[in-house]
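K.L.:
Sharing a model that was predicted from the sequence below.
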Protein chains: 4
Amino acid sequence: MDNIGILFQFNSFGESHGHGIGGVITGMPSGITIDLDFLHAEVARRKGGGKFSTPRKEDDCVKILSGVFDGISTGMPIGFFVENTNVRSKDYNNIKDIFRPNHADFTYFHKYGIRDYRGGGRSSARESVARVFAGGLAKLLLREFDIQILSGITAVGKISSQKTHHNKDDFEYARKSEIFALDKEIESLLQQEILEAKKNGDSVGASALICVKNAPIGLGEPLGYKLDSILARDLMGLNAVKAVEIGDGIESAKKLGSNNNDFINHNGFITNHSGGILGGISNGEDIIIKVHFKPTPSIFLSQDTIDIHKNEVKIKLQGRHDPCVGVRGSVVCESIVALILADMLLLNATSRLENLKKIYQTT
Amino acid sequence: MDNIGILFQFNSFGESHGHGIGGVITGMPSGITIDLDFLHAEVARRKGGGKFSTPRKEDDCVKILSGVFDGISTGMPIGFFVENTNVRSKDYNNIKDIFRPNHADFTYFHKYGIRDYRGGGRSSARESVARVFAGGLAKLLLREFDIQILSGITAVGKISSQKTHHNKDDFEYARKSEIFALDKEIESLLQQEILEAKKNGDSVGASALICVKNAPIGLGEPLGYKLDSILARDLMGLNAVKAVEIGDGIESAKKLGSNNNDFINHNGFITNHSGGILGGISNGEDIIIKVHFKPTPSIFLSQDTIDIHKNEVKIKLQGRHDPCVGVRGSVVCESIVALILADMLLLNATSRLENLKKIYQTT
Amino acid sequence: MDNIGILFQFNSFGESHGHGIGGVITGMPSGITIDLDFLHAEVARRKGGGKFSTPRKEDDCVKILSGVFDGISTGMPIGFFVENTNVRSKDYNNIKDIFRPNHADFTYFHKYGIRDYRGGGRSSARESVARVFAGGLAKLLLREFDIQILSGITAVGKISSQKTHHNKDDFEYARKSEIFALDKEIESLLQQEILEAKKNGDSVGASALICVKNAPIGLGEPLGYKLDSILARDLMGLNAVKAVEIGDGIESAKKLGSNNNDFINHNGFITNHSGGILGGISNGEDIIIKVHFKPTPSIFLSQDTIDIHKNEVKIKLQGRHDPCVGVRGSVVCESIVALILADMLLLNATSRLENLKKIYQTT
Amino acid sequence: MDNIGILFQFNSFGESHGHGIGGVITGMPSGITIDLDFLHAEVARRKGGGKFSTPRKEDDCVKILSGVFDGISTGMPIGFFVENTNVRSKDYNNIKDIFRPNHADFTYFHKYGIRDYRGGGRSSARESVARVFAGGLAKLLLREFDIQILSGITAVGKISSQKTHHNKDDFEYARKSEIFALDKEIESLLQQEILEAKKNGDSVGASALICVKNAPIGLGEPLGYKLDSILARDLMGLNAVKAVEIGDGIESAKKLGSNNNDFINHNGFITNHSGGILGGISNGEDIIIKVHFKPTPSIFLSQDTIDIHKNEVKIKLQGRHDPCVGVRGSVVCESIVALILADMLLLNATSRLENLKKIYQTT
């Protein structure tokens, strides 16, 4: 139940303060050059940095354990693992019997009767290091077909960008921005929102935009495995995400069909309200996804909660936490989208007889 | 790829204007009384009615083909089928080579090289009759555990309810409302939005709220099969849905952690911003989901499009279409949520050793 | 749990004496001509005939319900159904509370607490009508690549063919033989075994050989989805099958490596002890499978058993049963192998980057 | 495609001469004491020993990486890894372009266009170290329900035990036997077969028997996931296995129904020809499986083969190989059966409403 994907499948394991985090990619086609520098750079991006992200310094040297020979993918499962370093489990001893508000502590404990309370254990955002490394492997496949996945932050707390369209320069800018801001006009305001929350021992929510460029027409399977379904599944499954939109998303619910339909001419679609997906299948336009993150549940203010014995207690967290988990979350979203696109690319390959004939050379 | 669910699995087949629509439920536990009146009533609710929905009159007599013996589920797959009646395929001959804007015509044609153009074929909302019948079977399982799924419409076009909390009376009201309106104060305004659009040959979007009451703690599997992930997957997969929110959804992205965290006391959670899901697992509170529908793509106004030969053409649709697909969509959402809850209920049963001991009677 | 296949997936539903038997094929590529005459001929072959098979006359007119448009597969799920005709449920009233020896009655009842006792319900060989129709659809795909699946009976009871190799003529002969005998020299002896058992109200076991010709190299996925694994799974899953062998099978356990290894020269493999599969992957040679069927459990002699109240009773069956279920079983084996080959053909298509490049036309 | 199981799922990764071999168990219920001594003992058993197995000395210290907290399973994925030690890859340089007869070299190379030739890479029996460790975890679950899995060797080459029934003492004896012989009367003859083959630089086949004691009634799902189907799948998938039998297996094909049916009295089944499985579901009797292994393909005699350029060459292997892979294979079979039983135990838990009511405490 922890694996995602059908043909390009990702499994992960590991806890925040255990031995480490690992994963397995099954279904990577053979013949792909495994660019380690690129993979390590992807993992580094996730770490975020400076005063806007967690002070926890992770030296994330992910090691590939299988599936690569002489630098090339063999088609076998690619296992990888990264050890947890700089672990300060004692930070958590004082909350071992207490449910942190809005954390998975409560549900894990009641579902399993036992939980690894150290940093949230399995439920920690720490797991995303495996997701990002796996997403990097997916990107190595996707770039063979010139499919690019871009992302950036559009809003933090009460500040939101008014730009409705973002060009390549915006995404280039976001890549270099310390908070991955897509709109440089409001970058400093977004930063203030984060620092303000941080100063108060609080946290703040954020919104990210992900854009897939150059996806071929035909990705997505009706009806149980639509492209938008699976994007929504795995993005909603990312820690702290509470809403997912495709294309115009919520806005489209307020519109008339005549304003929402994307008309077509000989050059293709004139508009892209649908966000590049029709009937659950990519239509060749940019795939546009918006993801909304709640504020990091870990705050340094006194909160009302209970312990496992139902005693009411006040909790005031220590430890090292992002004031705005959405910032680094946008990088993880990219990886998740990459994993899905890779799977869909493989799935679509066998959708029609003529595709199979190209492979099996029959005439 | 067309099936959803792991233990409580749903498959469907069929096209809008073919022989009919069918489905298979695999994994229904044995011993459940199959209440046919209830199942037929569910299907009838989906039809909507009167001037707010499609004039297509479907006499949807779904027939169970297997898996039930002497009125009780046997644990075997439950197959069912409903014939397409009142089919007027000729309505579609004039568009057989034309791509209707915002329909799946374009993507199906390019993915498969062939499409059943009659009423959208497989991509038609007609498929949801199977989903609703299957959801009814799921509800028969869920009601054995007193788990209820409620729904209603909160917004149409530019009109939206300002109520933030909805009680049982609201959902009771919605059930009887012709447009499933949750907020009686604005019901007539919502109706006007629909009729206005209809009068102009246009369509309009809408938003629905789904609420699960009395779900046990522990539903949902980390990390690939979280409850919120799977809800998002299958609700986003429903025709015309462009956004899905859990709990406070998008609003939570604008908040501070101190305002978004649900504090806990000895009575349980004091607030429910999280919508009853923490770490992807139900926490025992109401599960709150918001779903946003785009306007029906089928409108009766002239639109710019192309045919399969890339010639630019004007299209003006005929046929029978909902002016606001979201209205009936809310009923389908209920069914989808029921299917997922049933699957999660089964999956959670084996999460801990002591559960298994209860079943296998070892000591 | 009732579906098999990953990309080319088969689901079935239905009971022996219920409304009928149905199935769904998901993943059939688009663009394949659906040859109904061929499909009906496949179903007819399964019926066997004359004095060697069941007197139950099934008028098996399987009807396709979806997934085919203008005689061509659309890539959508192909649903199909055949009604149960000539049902004589009253034949079973006298055994409704009794467990027939070697039938699934005992296990179904204890697993589910309820069973459809009419002709074995879901556990009846009657289900294979769906499997054979689905296998026919798979064969329509396979024949586009000139992959052929042949079969025949090699042994009945104590009589067994001594031929170690069977050529195309043998399979041609088997196709026309009333008992699908591969070796005409012993056909009459095999017939006598069946008729002798039948005369005594008894039944007899049999062995079948299945041969796949012209399968491409590369079918099968390491390690969980090897070609031989999946063949063994679904063939062992067929009613009455108690053993499956690949290539030399059991004989190879008695040999030395020097006599069992298939040496290779520039023309290919010199021998085929391995039965066309190495490391779980097809090697381009004929794929050779042997399947062994127990005698039909339904016999007309008095047997000791118990009823659901644990009372000891004598049972003497009535009804209509094959004296040698293996005979018709060989046809079902062909269909099962076809379903697996189709799935493997699709799965293998994405195993390497260069295959994907052929499809997505990148350079 | 490399994972097996639905609820109790096993994934593996790694190659014979790469970094190591790893695996992930997903779906282990929480609350199970993880007995490391037992797990390491299981892995040690697989190594076999002395002059009857490979001289390769593997110091297999498998390390658990996740899913266990304070010595108890948490319900989270259990990842584990064992480094490859004593790797002598240079043994394989001389065969890097040559296809070893009866190895996966040929099929892997043609399927993927690249292969890790060092010791067979992914296709090596070395992978079974992960399978055995995972099987050990499954056994920890099974022993909570007193389900035992026993095994032993019944035949090597032309020597075969004539015993038709094996009691607990036989299995106890096999456990201690250097070649896991079930029948002490012929143990020395079996040893001679192995040593004779070894002396000649040859290898020899063998047969194993696996017996499951105390499995509850009801394990196995009709129709796609029958107990015998899945046992056949994963046992046939084990390296060198060429045939799988359930109960009387091939013998039953030679019998009359009156001699093959297991009659029942108030004490239960009088005989067990069916091997404890009826209709794909366990019936409470011992589950009896026979597995047949071909001789190790790696022999030290000159063999005809070709290289990747189709040049004919003679090959004479070096390296370290079992003269009779079946001996250690029997231990791996035990592990595979344990993995399947664990999965079936979980799957069966939700088969009927009353089971669910026991868990969810509704009345």
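P.N.:
All right, it came through fine.

K.L.:
Give the rounded mean pLDDT of stretch A:84-94.
P.N.:
On average, the pLDDT along stretch A:84-94 is 78.

K.L.:
do the longest helix seen in chain A and chain D meet?
P.N.:
Identified as the longest helix of chain A according to DSSP state H is helix A:325-348. No. For helix A:325-348, no contact with chain D is found by Cβ under 8 Å from any Cβ of the partner chain; the gap never falls below 11.3 Å. C-beta here means a position set from N, CA and C on the backbone, and glycine is covered the same way.

K.L.:
ok and that helix relative to helix C:325-348, angle-wise?
P.N.:
Per axes from the mean of the first three to the mean of the last three Cα atoms, to 10 degrees, the angle that helix A:325-348 makes with helix C:325-348 is 130 degrees.

K.L.:
what about helix A:325-348, near chain C?
P.N.:
Yes. Residues of helix A:325-348 are located near chain C by Cβ under 8 Å from any Cβ, namely A:Leu345, A:Leu346, A:Leu347.

K.L.:
wait, doesn't the last one sit right on A:Tyr225?
P.N.:
What it means is A:Leu347. Yes. A:Leu347 is within contact range of A:Tyr225, at 7.3 Å (criterion: Cβ atoms under 8 Å).

K.L.:
When the two are compared, which one has more neighbours?
P.N.:
A:Leu347 (25 against 21; other Cβ atoms under 10 Å in any protein chain shown).

K.L.:
May I have the residues that are in contact with that one?
P.N.:
Neighbour list for A:Leu347: A:Ile6, A:Leu7, A:Leu219, A:Glu221, A:Tyr225, B:Met1, C:Leu7 [criterion: Cβ atoms under 8 Å, 6 or more residues apart in numbering or on different chains].

K.L.:
Can I take it that A:Asp170 is in a helix?
P.N.:
Yes. Under DSSP: H, G, I helix; E, B strand; the rest coil, A:Asp170 falls within a helix.

K.L.:
Near A:Gln9, how many other residues are there?
P.N.:
24.

K.L.:
partners of it in the sheet?
P.N.:
A:Thr26 (DSSP bridges).

K.L.:
returning to that earlier point: out of the contacts of A:Leu347, who's the most crowded?
P.N.:
Neighbour max across the contacts of A:Leu347 (other Cβ under 10 Å) = A:Leu219, 30 neighbours.

K.L.:
before we move on, what SS does that residue have?
P.N.:
Strictly by three-state DSSP, A:Leu219 counts as coil.

K.L.:
that older thread, tell me the two of the contacts of A:Leu347 that are most distant?
P.N.:
A:Leu219 and C:Leu7 (15.4 Å; Cβ to Cβ).

K.L.:
Could you list the low-confidence segments of the stretch 51-200 of chain A?
P.N.:
A:54-58 (pLDDT under 70).

K.L.:
How about the residues of it by chain D?
P.N.:
So the stretch 51-200 of chain A meets chain D at A:63-67, A:69-70, A:72, A:74-79, A:81, A:111-116, A:121-122 (Cβ under 8 Å from any Cβ).

K.L.:
helices or strands up against the helix or strand harbouring A:Gly135?
P.N.:
For A:Gly135, the host element (DSSP states H and E) is helix A:128-142. Here helix A:128-142 touches strand A:9-14, strand A:20-26, helix A:36-47, strand A:78-83, strand A:148-156, helix A:325-348, going by 3 or more Cβ pairs under 8 Å, 6 or more residues apart in numbering or on different chains; DSSP states H and E.

K.L.:
Quick one: the ones you listed as TSV, columns for distance to C:His103 too.
P.N.:
Shown next, in TSV, are the helices and strands packed on helix A:128-142 (distance: least, Cβ to Cβ, whole Å):
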stretch	distance to C:His103
strand A:9-14	39
strand A:20-26	39
helix A:36-47	56
strand A:78-83	45
strand A:148-156	56
helix A:325-348	40
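
K.L.:
Between those, which one is closest to C:Asp322.
P.N.:
Going by Cβ to Cβ, the one of the helices and strands packed on helix A:128-142 nearest C:Asp322 is helix A:325-348, 40.9 Å.

K.L.:
right, and the helix or strand after the closest one?
P.N.:
Counting by DSSP H and E, what follows helix A:325-348 is helix A:353-360.

K.L.:
Does chain D have contacts with that next one?
P.N.:
No. On the criterion Cβ under 8 Å from any Cβ, helix A:353-360 is out of touch with chain D, staying 12.1 Å away.

K.L.:
Quick one: mean pLDDT over that helix.
P.N.:
On average, helix A:353-360 scores 94.

K.L.:
Compute the inter-axis angle for it and helix C:353-360.
P.N.:
150 degrees.

K.L.:
Show me what helix A:353-360 packs onto, helices and strands only.
P.N.:
helix C:325-348, helix C:353-360.

K.L.:
Tell me the buried residues in the last one?
P.N.:
Translated: helix C:353-360. Neighbour counts over helix C:353-360 (16 or more other Cβ atoms under 10 Å in any protein chain shown) mark C:Leu353, C:Asn355, C:Leu356, C:Lys357, C:Lys358, C:Ile359, C:Tyr360 as buried.

K.L.:
picking up where we left off before, so which of the contacts of A:Leu347 belong to helices?
P.N.:
Reading helices off these, I find no matches (DSSP H).

K.L.:
So among those, where is pLDDT lowest?
P.N.:
Comparing pLDDT over the contacts of A:Leu347, the lowest reading goes to B:Met1, 68.

K.L.:
before we move on, back to that, could you identify which of the helices and strands packed on helix A:353-360 has the lowest mean pLDDT?
P.N.:
helix C:353-360 (a mean of 94).

K.L.:
and that helix, C-alpha only, in PDB?
P.N.:
This file holds the C-alpha atoms of helix C:353-360, laid out as PDB (Å, rounded to 0.1, in the frame of the first residue of the first chain):
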ATOM      1  CA  LEU C 353      14.400   3.100 -23.700                       C
ATOM      2  CA  GLU C 354      14.800   2.400 -27.400                       C
ATOM      3  CA  ASN C 355      11.300   0.800 -27.500                       C
ATOM      4  CA  LEU C 356       9.800   4.000 -26.100                       C
ATOM      5  CA  LYS C 357      11.700   6.100 -28.600                       C
ATOM      6  CA  LYS C 358      10.200   4.100 -31.400                       C
ATOM      7  CA  ILE C 359       6.700   5.000 -30.100                       C
ATOM      8  CA  TYR C 360       7.300   8.600 -29.100                       C
END
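
K.L.:
What parts of chain A come near chain C?
P.N.:
Checking chain A against chain C by Cβ under 8 Å from any Cβ, the hits are A:6-7, A:27, A:29-32, A:75-76, A:141, A:144-146, A:216, A:222, A:345-347, A:349-360, A:362.

K.L.:
mind redoing it with 7 Å?
P.N.:
Residues of chain A lying close to chain C by Cβ under 7 Å from any Cβ of the partner chain are A:6-7, A:29-32, A:75, A:144-146, A:216, A:346, A:349-356, A:358-360, A:362.

K.L.:
Please, which helix or strand holds A:Lys314?
P.N.:
strand A:312-315.

K.L.:
What mean pLDDT does that strand get?
P.N.:
95.

K.L.:
Sheet partners, orientation included, of that strand?
P.N.:
strand A:303-306 (antiparallel).

K.L.:
next one: the partner strand to chain centre, how far?
P.N.:
30 Å (Cα atoms, centre = their mean, to the nearest Å).

K.L.:
Going by residue numbers, what spans are strands in the stretch 51-200 of chain A?
P.N.:
Remark: strands assigned in the stretch 51-200 of chain A by DSSP state E, counting those that start in this stretch are A:63-64, A:68-69, A:72-73, A:78-83, A:148-156, A:159-160.

K.L.:
And these: which comes nearest D:Val204?
P.N.:
That would be strand A:68-69 among the strands of the stretch 51-200 of chain A, by Cβ to Cβ, at 31.9 Å.

K.L.:
Note down every partner strand of the closest one and its orientation.
P.N.:
Assessed with DSSP bridges, strand A:68-69 is paired to strand A:72-73 (antiparallel).

K.L.:
Other residues contacting the partner strand?
P.N.:
A:Met28, A:Pro29, A:Ser30, A:Gly31, A:Ile32, A:Thr33, A:Ile34, A:Gly67, D:Ile114 (Cβ atoms under 7 Å, 6 or more residues apart in numbering or on different chains).
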